[in-house]
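Chemist: Sequence and computational prediction follow.
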Amino acid sequence: MYHLKRLGLDGFIWLLFASILAAWLAPGVGSGEVLAGIAHWGVAVIFFFYGLRLNWQQIHQGLANYKLHIVVQLATFVLFPALVFPFAWSMQGSETYHWIGIGMFFLAALPSTVSSSVVMVNIARGNVPAAIFDASISSLLGVFLTPLWMQVFIHSAQGGKALPHVIFSLILQVIVPILAGILLHAKWGWISVQYDRRLRQMDQGIILLIVYTSFCHSFQEEMFAPLAWTTLLNLTGVLFGLFWVVFYLLKWICLLLRFSREDTITTIFCGSKKSLVHATVMAQVLLTDSSLAGILLLPIMIYHAMQLILVSIVAQKAGNEVGD
């Protein structure tokens with residue numbers, strides 16, 4: 001288990017796929033309104049404690065490095081969608097792969113991760129204040145930019161909710177709790193430090209519940225019935241290639257702009273990662289049919305596991321090189 005954790009395969013990854021297995025075995029259990037309600041409001045709790053954790057002194061330290069921030073945000077919200085769009089568009093004519101293509105584009109339109117990006121940058125000895133700033137800004141921008149991008153494929157005529165409704169819901173579930181946490185940081189910020197491990201476990205538990213209920217609805221409506229194992233293998237291969245294309249493009253851009261080693265690490269790690277937390281929230285908010293949420297989340301779940309493994313390996317190697 002020690003070596004598996006070093007590769008990014010911690011207990012959360014195993015539980016993530018175990019929740020899908022549980023949903024497949026008994027889809028009726030997680031389709032009730034009680035669990036869905038807990039999962040819905042649990043999201044606000046996650047983002048409240050995220051706001052409570054924010055250290056504005058560290059964020060202020062990262063403000064000056066504007067070139068790094070521009071590259072990271074463009075990679076997150078422009079480069080990813082541009083690379084994935086041809087794949088997603090080509091699948092729109094297929095009844096079987098239609099929602100897989102939309103799920104791939106959904107992955108591309110998501111903001112970057114917060115906690116894991118900062119942790120990996122720290123392990124690799126990169127620019128941590130810049131990573132905190134970029135991950136935080138990405139989370140807030142994603143509330144507006146991700147739904148806008150998703151209008152390309154999902155609108156009210158195709159099982160999607162109206163854009164104003166989506167953005168208003170995300171503001172209530174994401175931005176309001178974050179702002180509340182920020183306002184209470186001076187008074188209650190110590191809680192996020194003293195109970196950091198417990199709070200992260202709670203975050204993961206809520207994410208697992210959302211994933212479980214989403215896949216319960218999808219399995220109950222047999223949304224995955226047309227998909228073969230070869231489709232999942234091909235999807236994994238495409239996502240594996242996508243990660244490395246973005247990784248090396250960002251590395252080349254950093255060389256072109258003459259970034260320092262620390263800024264290069266932060267740019268690559270923050271710019272190549274996508275947030276499962278935001279995905280679980282937005283999948284529920286974007287769609288009128290909850291049974292579609294599981295298939296929409298499938299690409300990001302595969303990518304999430306993959307990015308943790310690959311970035312963990314790269315981060316450990318980079319950190320050891322500096323240590324040597």
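Modeler: Great, that's in hand. Numbering: from 1, shown residues only.
Chemist: tell me, what residue is most central in this structure?
Modeler: Ser275 (1.1 Å; Cα atoms, centre = their mean).
Chemist: pretty sure it contacts Leu107?
Modeler: No - assessed by Cβ atoms under 8 Å, Ser275 is found out of contact with Leu107, at 10.0 Å. No exception for glycine: its C-beta is placed from N, CA and C like everyone else's.
Chemist: Please identify every residue contacting each of these two.
Modeler: Common neighbours of Ser275 and Leu107 are not found (criterion: Cβ atoms under 8 Å, 6 or more residues apart in numbering).
Chemist: got the contact list for stretch 90-99?
Modeler: So stretch 90-99 is in contact with 100-101, 104, 153, 223, 226-227, 231, 292, 295-296, going by Cβ under 8 Å, 6+ apart.
Chemist: Find the nearest non-adjacent residue to the residue nearest to the centre of the chain, please.
Modeler: Distance criterion Cβ to Cβ, 6 or more residues apart in numbering; nearest residue to Ser275, sequence neighbours excluded, is Thr113 at 4.7 Å.
Chemist: To what extent is that neighbour buried, counted in neighbours?
Modeler: By other Cβ atoms under 10 Å, 25 other residues sit near Thr113.
Chemist: Pull the contacting residues for it.
Modeler: Neighbour list for Thr113: 135, 273-277 [criterion: Cβ under 8 Å, 6+ apart].
Chemist: can you put the residues you listed in a markdown table and add secondary structure?
Modeler: Below are these laid out as a markdown table (DSSP: H, G, I helix; E, B strand; the rest coil):
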| residue | secondary structure |
| --- | --- |
| Ala135 | helix |
| Lys273 | coil |
| Lys274 | coil |
| Ser275 | coil |
| Leu276 | helix |
| Val277 | helix |
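Chemist: Counting by contacts, list what the top helix by length along the chain packs against.
Modeler: Identified as the longest helix of the chain according to DSSP state H is helix 293-323. In this structure, helix 293-323 makes packing contacts with helix 11-25, helix 98-109, helix 115-123, helix 196-220, helix 229-256, helix 261-271, helix 276-286, judged by 3 or more Cβ pairs under 8 Å, 6 or more residues apart in numbering; DSSP states H and E.
Chemist: Of all these, which one is nearest Leu74?
Modeler: Across the helices and strands packed on helix 293-323, Leu74 has its closest neighbour in helix 261-271 (8.3 Å, Cβ to Cβ).
Chemist: which residues touch that closest one?
Modeler: So helix 261-271 is in contact with 65, 68, 71-72, 75-76, 79, 112, 117, 120-121, 124-128, 130-131, 134-135, 138, 246-247, 250-251, 253-255, 259, 311, 315, 318, going by Cβ under 8 Å, 6+ apart.
Chemist: What's the local residue count around Val175?
Modeler: In this structure residue 175 is Ile, not Val. 17.
Chemist: Give me the phi and psi for it.
Modeler: phi -70, psi -40 (degrees, to the nearest 10).
Chemist: So for stretch 246-261, what gets flagged as buried?
Modeler: By neighbour count on 16 or more other Cβ atoms under 10 Å, the buried set for stretch 246-261 is 246-247, 249-251, 253-254, 259.
Chemist: Roughly how far does Gln92 sit from Thr113?
Modeler: Noted for Gln92: a distance of 28 Å to Thr113, by Cβ to Cβ, to the nearest Å.
Chemist: which SS class is the residue nearest to Ser275?
Modeler: Thr113, by the three-state scheme (three-state DSSP), is coil.
Chemist: And the contacts of stretch 90-99, which is closest to Val176?
Modeler: Of the contacts of stretch 90-99, the one sitting nearest to Val176 (Cβ to Cβ) turns out to be Leu296, at 24.1 Å.
Chemist: So the closest one sits against Phe106, correct?
Modeler: Yes - contact criterion Cβ under 8 Å: Leu296 and Phe106 qualify, at 5.6 Å.
Chemist: which neighbours do these two share?
Modeler: Common neighbours of Leu296 and Phe106, using Cβ under 8 Å, 6+ apart, are 283, 286.
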